[in-house]
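# When you get a sec, could you give me coordinates for this:
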Amino acid sequence: MSARKGSAAVLEPAVVLASGCFLWAILVQLDRGVTALAGTLAPNLPFATLSAPVAVEEAAKLCLFIAFMIAERPLAGLRLRLDPGPRSDERDVSPRWPGLALATIAVFGTFENLAYLSAFSSAGIVGRLFWSLPVHVAGAMAVIAALSSRRSLVAPAFLFAAGWHLGANALASSSPSAAVLIAGSVLSVAAIVVLSRLWFRNVVLEGIVHATARKH
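As a prediction, the model looks like this:
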């Protein structure tokens, strides 16, 4: 494998890893600031300190998804310059940004969980790790699928992601039992399974149809 082909092979994984790390680092600071601000402005409303960071985090994720969508063509062009190979007309059938955006959220969630694990090393926090990542992935799948094909559904999808995230955080903050953590994890995985059908139809199938139509 040539150096250029090697660079092309690691381009997208590197972008995903860097984006997930950057999102986590930014949100660590934003969450602290927003939580402190909510506590100052609404000291008698504990719900505000719980919901404000969730709203900011989901808004940051939405901005990230839009950035990936805008960067689709530049990334494709860079990938082709690094590895021209055969003509890419047949290679790149569907948009790649939805998968890259979703993988970035998985990286972000992993960084967040590792940070929690290092800060709070206990059996309870280990259980929370299996709870947290599916919550991030489920919300991201809904928003990305809407952005990919049904822009009118972006607002409902965003509300679903924020509500799902907020509900999970509210339960997790109440020191739930192992049974509740297991039930919540199973529920989030079930949501991912349901959303996978929406993802396949809106992102994969419609992405292929739209890309084929553009070529002809």
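# just how off-centre is the helix or strand harbouring V137 within its chain?
Using DSSP states H and E, V137 sits in helix 123-149. Mean-position distance between helix 123-149 and its chain equals 7 Å (C-alpha atoms, centre = their mean, to the nearest Å).
# buried residues in whatever helix or strand comes next after it?
Sequence-wise, the next helix or strand downstream of helix 123-149 (DSSP H and E) is helix 154-172. For helix 154-172, a neighbour-count test (16 or more other C-beta atoms under 10 Å) marks 154, 157-158, 160-162, 164-166, 168-169, 172 as buried. All C-beta spots, glycine's among them, are computed from the backbone N, C-alpha and C.
# Now do the helices in this structure.
3-41, 46-70, 72-82, 97-119, 123-149, 154-172, 178-199, 206-215 (DSSP state H).
# how about a markdown table for those, with mean pLDDT added?
Putting the helices of the chain into a markdown table (pLDDT from 0 to 100) gives the following:
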| stretch | mean pLDDT |
| --- | --- |
| helix 3-41 | 83 |
| helix 46-70 | 90 |
| helix 72-82 | 76 |
| helix 97-119 | 88 |
| helix 123-149 | 81 |
| helix 154-172 | 90 |
| helix 178-199 | 82 |
| helix 206-215 | 57 |
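# of all the buried residues of helix 154-172, which two lie farthest apart?
Within the buried residues of helix 154-172, V154 and A172 form the most distant pair, 26.5 Å apart (C-beta to C-beta).
# thinking again about what came up before, tell me which of the buried residues of helix 154-172 is nearest to C21?
Once C-beta to C-beta is applied, the member of those that ends up nearest C21 is H165, at 20.0 Å.
# returning to what we had before: most tightly surrounded among the helices of the chain?
Stretch with highest mean neighbour count among those: helix 123-149 (a mean of 21; mean count of other C-beta atoms under 10 Å).
# Show me what that helix is packed up against.
Contact here means 3 or more C-beta pairs under 8 Å, 6 or more residues apart in numbering; DSSP states H and E; on that basis helix 123-149 packs against helix 46-70, helix 97-119, helix 154-172, helix 178-199, helix 206-215.
# Nearest approach to W24 belongs to which of those?
Using C-beta to C-beta as the measure, helix 97-119 is the one of these that comes nearest W24, at 4.0 Å.
# Any idea how far the closest one is from the middle of the chain?
The chain centre lies 8 Å from the centre of helix 97-119; the measure is C-alpha atoms, centre = their mean.
# contacts for it?
The contact list for helix 97-119, computed with C-beta atoms under 8 Å, 6 or more residues apart in numbering, reads 12, 15-17, 19-21, 23-24, 27-28, 61, 64-65, 68-69, 71-72, 75, 125-126, 128-129, 132-133, 136-137, 140-141, 144-145, 147-148, 199, 203, 207.
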